[in-house]
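Peer 1: Need coordinates for the below:
(one chain, ligands or ions: 1)
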Amino acid sequence: MTWVVRGQYPSGDVVEEFATEEAAQEAIERHRANGVPVAVKSPAPPGAIVPTRCSFCGQDRDAVGHLIAGPSQAGVAICDQCIALCNKILQGH
Ligand SMILES: [Zn+2]
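Peer 2: Down below sits the predicted model:
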């Protein structure tokens, strides 16, 4: 399992992968010391089902902007496009 740390520098993102939480934490602190926003993708908890596609439209993770996962045991997710559609429907009522 790999920790992915993404430092969001104005010139572009710096992405690093770490095998341990400790190493990832060091990188996070290094970025934050520079005042740089950090995004961290941590390993999924044991038993978690990581969805790779939207449960509503079926599009793959790579085909959508964001894929938001539901509870880890449920293995469901919704993409940004389906959320936008849901918002339109809700606003119509
Ligand atoms: Zn979708």
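
Peer 1: Does residue 32 touch residue 26 like I think?
Peer 2: No. Look at residue 32 against residue 26 with C-beta atoms under 8 Å: they stay out of range, at 10.9 Å. From N, CA and C alone the C-beta is placed, and that goes for glycine too.

Peer 1: What's the separation between the residue nearest the centre of the chain and the ion?
Peer 2: Most central in the chain under C-alpha atoms, centre = their mean is residue 41, positioned 6.2 Å from the mean C-alpha point. When distance is defined by C-beta to the ion, to the nearest Å, residue 41 is 20 Å away from the ion.

Peer 1: what's the closest non-adjacent residue to that residue?
Peer 2: residue 4 (4.1 Å; C-beta to C-beta, 6 or more residues apart in numbering).

Peer 1: The one you found: which element?
Peer 2: strand 3-9 (DSSP states H and E).

Peer 1: Run through the bridge partners of the residue nearest to residue 41.
Peer 2: residue 17, residue 41 (DSSP bridges).

Peer 1: what do you get for the one 5 residues further on?
Peer 2: In this entry, residue 9 is beta-bridged to residue 12, by DSSP bridges.

Peer 1: thought it was touching residue 36?
Peer 2: Yes. At 5.6 Å, residue 9 counts as touching residue 36 under the criterion of C-beta under 8 Å.

Peer 1: So the two - more neighbours on which side?
Peer 2: Neighbours were counted for residue 9 and for residue 36 using other C-beta atoms under 10 Å; residue 36 has more, 16 against 12.

Peer 1: For residue 13, see how far away the residue nearest to residue 41 is.
Peer 2: Here the criterion is C-beta to C-beta, to the nearest Å. By it, residue 4 lies 11 Å from residue 13.
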